[in-house]
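Participant: Sharing a model that was predicted from the sequence below.
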Amino acid sequence: MVKRILSAVIAALTSPFSLAFYAMLLVAIGLGVGWFVALRMDQAEQRRKAAERAALEAALRGPEPPQRVPDPPPGDNPFEPRYISLGDEILSNLPGRRRALMTEIDLMTQRGPQAEDKLRMHRLRLRALAIAVLSELTVEDATRPDAPQLIAERLKRALNDELRPESFGVNLVDQVLVKRLFVQ
């Protein structure tokens with residue numbers, strides 16, 4: 001009985017009608033897969049063309065204009081002078097003949113509260129740099145009538161050179177104020 005059922009199934013599967021059905025089924029599957037692949041390729045081509053078009057438009061349009069910096073909060077003038085003290089008096093030895101220079105130094109910036117915060121944060125480093133600059137002075141430089149202006153100029157240059165890499169090339173110190181200057 002199993003032989004008869006098995007031979008009937010094999011005869012039905014290998015009949016000309018069944019073979020034609022299988023061939024049509026295979027053609028339909030092939031057409032479906034081909035349509036799906038072609039659709040995906042067409043979508044990829046459209047994305048590539050859109051990207052090329054966007055790149056060409058961006059090249060023709062040029063660089064975007066810089067973004068507007070937000071306005072400061074009302075009542076806060078960012079260009080108002082802000083004063084930062086380097087601390088107590090600075091004592092520095094002058095070369096030769098046992099002489100010393102004693103001074104007090106303040107910094108002034110008009111670059112806003114961020115610059116003031118940066119100067120306050122680096123106060124110890126700036127004080128050490130000021131001591132180094134003052135120790136390079138000669139007795140003749142320290143006793144000149146325009147010594148405070150000379151010292152202020154040298155300190156401003158040195159402090160701005162020190163801070164410039166961290167402040168994106170901006171000079172944070174607008175003025176150095178030499179409050180007291182004693183040479184002993």
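Facilitator: Noted; the coordinates are in hand. Numbering: from 1, shown residues only.

Participant: Tell me who's in contact with the residue lying closest to residue 80 once chain neighbours are set aside.
Facilitator: Spatially, and ignoring its direct neighbours in sequence, residue 80 is nearest to residue 110 (7.2 Å; C-beta to C-beta, 6 or more residues apart in numbering). In this view, the C-beta of every residue, glycine as well, is placed from N, C-alpha and C. By C-beta atoms under 8 Å, 6 or more residues apart in numbering, the contact list for residue 110 reads 79-82, 174.

Participant: Give me the contact list for whichever strand in the chain runs longest.
Facilitator: The longest strand of the chain (DSSP state E) is strand 99-109. Identification of contacts with strand 99-109 by C-beta under 8 Å, 6+ apart yields 81-86, 88-94, 115-116, 119, 126, 130, 134, 137, 139, 142, 151, 155, 159, 172-184.

Participant: Just to be sure, which of those are found in strands?
Facilitator: Taking DSSP E as the definition of strands, the contacts of strand 99-109 contribute 82-85, 90-94, 175-183.

Participant: Write the PyMOL selection for whichever of these are buried.
Facilitator: Of those, the buried ones go into a single PyMOL selection, burial set by 16 or more other C-beta atoms under 10 Å:
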select buried, resi 82+84+90+92+94+176+178
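
Participant: could you measure residue 18 against residue 30, distance?
Facilitator: 19 Å (C-beta to C-beta, to the nearest Å).

Participant: Out of the contacts of residue 110, flag the one nearest to residue 62.
Facilitator: residue 79 (31.8 Å; C-beta to C-beta).

Participant: just how off-centre is stretch 90-102 within its chain?
Facilitator: The chain centroid and the centroid of stretch 90-102 are separated by 43 Å under C-alpha atoms, centre = their mean, to the nearest Å.
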